[in-house]
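Engineer: Give me the fold of what follows.
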Amino acid sequence: MVKAVVTGNYPDGFNIARGVNAEVIGITEKVFPDGEQYVRLDEPDKIRNSTILVISTMYPMQDQSLLKLLILADALARNQAREFIGVIPYLAYSRQDKVFMPGEPVSASTVLRILKSAGYSRLVVVDFHSNSLLSDFKPYLVNILVSDLLVKAVMDKLDKPVILAPDKGALERARFAAESIGLDYDYLVKSRDRVTGVVSYAPREVSVEGRDVVIVDDIISTGGTIAEASRILLKQGARRIFVAASHGLMIGNALSRIMDAGVQRVILANTLGARLEHPLVEYVDISSRIASVVRELIQA
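Structural biologist: I've put the predicted structure just below:
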């Protein structure tokens, strides 16, 4: 029987464990007065020769979350787990997936290598930011797209919808959602006036005139790009703007910035250990899709 440990920062992980029909092994977690973390498997005798799912997420408190995954791996290895699989809906540091400026690290690669070295036989993640690293780390890294579930959650509110990616790099998410539902899709092309410096966004081919637009992305952090694109699309004749993202970090006044730009609704997956309580923010539970992928993985 597959077993699972679910960290305290991701209570939605219990839904994933139930979906896999995994027995949940409790863990004790605490932080010492000096800030160091402590974890203990409550029933270590149940670990031996078992496949263990470590279900956690890495936001908020990315660094603490990473360390918790590492010391849990040590505890599982010492108690002779047959294998342990990381089910981590949001994997932090994924945006630093290449060297943008001389002297930088590739932080995403570092995190993946650390977790692999710690003993995780596979990592199951949701909407990993980097296509290049997905290729480099196959089959170790299993990526799940959920953009279709997010768009379907608001389909009954949309009129003549079109799905847009904020840039070419996010096109796969838009395509995945659009083709699953049978909608038009495109990506926004960013241009900057060389004289005025004014930035403009426009769909590459599809017209947004009189249509509801769903902007699909993986991460919303400060919301600046989404807000800027939304204002311009409305000026171009879009009827209404909806935003769907897998990971709604929503830092600072991100939500206010997005809503002030005219966005009608924000749809987010429940990949994080934090939520925004707001009438115009909707969360979609993606646990069943994650559980389905994990079942296939452990049965293969």
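Engineer: all contacts plus neighbour counts: C-alpha atoms, from now on.
Structural biologist: OK.
Engineer: which helices and strands does the helix or strand in which Ile85 is found pack with?
Structural biologist: In this assignment (DSSP states H and E), Ile85 forms part of strand 83-88. Contacts defined by 3 or more Cα pairs under 8 Å, 6 or more residues apart in numbering; DSSP states H and E place strand 83-88 against strand 51-55, strand 120-126.
Engineer: Mind exporting the C-alpha coordinates of that strand to CSV?
Structural biologist: Extracted in CSV, the C-alpha atoms of strand 83-88 (Å, rounded to 0.1, in the frame of the first residue of the first chain):
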residue,chain,number,x,y,z
GLU,A,83,11.2,4.9,-2.3
PHE,A,84,9.8,8.4,-1.7
ILE,A,85,8.2,10.6,-4.3
GLY,A,86,7.9,14.4,-3.9
VAL,A,87,4.4,15.7,-4.7
ILE,A,88,5.1,19.4,-4.7
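Engineer: Give me the buried positions along the helix or strand that that strand is followed by.
Structural biologist: From strand 83-88 onward toward the C-terminus, using DSSP H and E, the following helix or strand is helix 107-118. Judged by neighbour count (16 or more other Cα atoms under 10 Å), helix 107-118 contains these buried residues: Ser107, Ala108, Ser109, Val111, Leu112, Leu115, Lys116, Ala118.
Engineer: Closest to Leu234 out of those?
Structural biologist: Within the buried residues of helix 107-118, proximity to Leu234 (Cα to Cα) peaks at Ala108, which comes in at 34.9 Å.
Engineer: Against Val263, how distant is that closest one?
Structural biologist: 31 Å (Cα to Cα, to the nearest Å).
Engineer: What of Gly237?
Structural biologist: Remark: distance between Gly237 and Val263 (Cα to Cα) = 14 Å.
Engineer: In terms of neighbours, single out the busier of these two.
Structural biologist: Set side by side, Gly237 and Val263 show more neighbours around Val263, with 24 against 14, by other Cα atoms under 10 Å.
Engineer: which ones are touching Met20?
Structural biologist: Residue 20: Val, not Met. Applying Cα atoms under 8 Å, 6 or more residues apart in numbering to Val20 gives the contacts Val2, Ala291, Ser292, Val294, Arg295.
Engineer: cool, Ser121 as well?
Structural biologist: By Cα under 8 Å, 6+ apart, the neighbours of Ser121 are Glu83, Phe84, Ile85, Gly86, Tyr140.
Engineer: where along the protein do the helices fall?
Structural biologist: Counting by DSSP state H, the segments of the chain that form helices are 13-19, 62-78, 107-118, 131-136, 147-152, 171-181, 224-235, 254-260, 287-299.
Engineer: roughly how far is the first one from the heart of the chain?
Structural biologist: The one in question is helix 13-19. Per Cα atoms, centre = their mean, to the nearest Å, the displacement of helix 13-19 from the mean C-alpha position of its chain is 17 Å.
Engineer: Contacts for stretch 80-95 next, please.
Structural biologist: Outside stretch 80-95, the residues touching it (Cα under 8 Å, 6+ apart) are 47-59, 62, 73, 76, 107-108, 111, 119-130, 247, 271-272.
Engineer: and Asp42, which of the helices of the chain is closest to it?
Structural biologist: Of all those, it is helix 62-78 that lies closest to Asp42, at 10.9 Å by Cα to Cα.
Engineer: Okay, angle between the closest one and strand 83-88 too, please.
Structural biologist: For helix 62-78 against strand 83-88, the angle by axes from the mean of the first three to the mean of the last three Cα atoms, to 10 degrees is 160 degrees.
Engineer: hey, least reliable of the helices of the chain by pLDDT?
Structural biologist: For the helices of the chain, mean pLDDT drops lowest on helix 131-136, to a mean of 88.
Engineer: So for it, what gets flagged as buried?
Structural biologist: Going by neighbour count (16+ other Cα under 10 Å), the buried part of helix 131-136 is Leu133.
Engineer: Could you do stretch 166-178 as well?
Structural biologist: Those would be Pro166, Asp167, Ala170, Leu171, Glu172, Arg173, Ala174, Arg175, Phe176, Ala177, Ala178, for stretch 166-178 by 16+ other Cα under 10 Å.
Engineer: Between those residues, which sits nearest Asn9?
Structural biologist: Comparing the buried residues of stretch 166-178 against Asn9 with Cα to Cα picks out Arg173 as the nearest, at 26.7 Å.
Engineer: how about that closest one, what does it touch?
Structural biologist: For Arg173, the contact set (Cα under 8 Å, 6+ apart) comprises Leu145, Ser147, Ala165, Val216, Asp217, Asp218.
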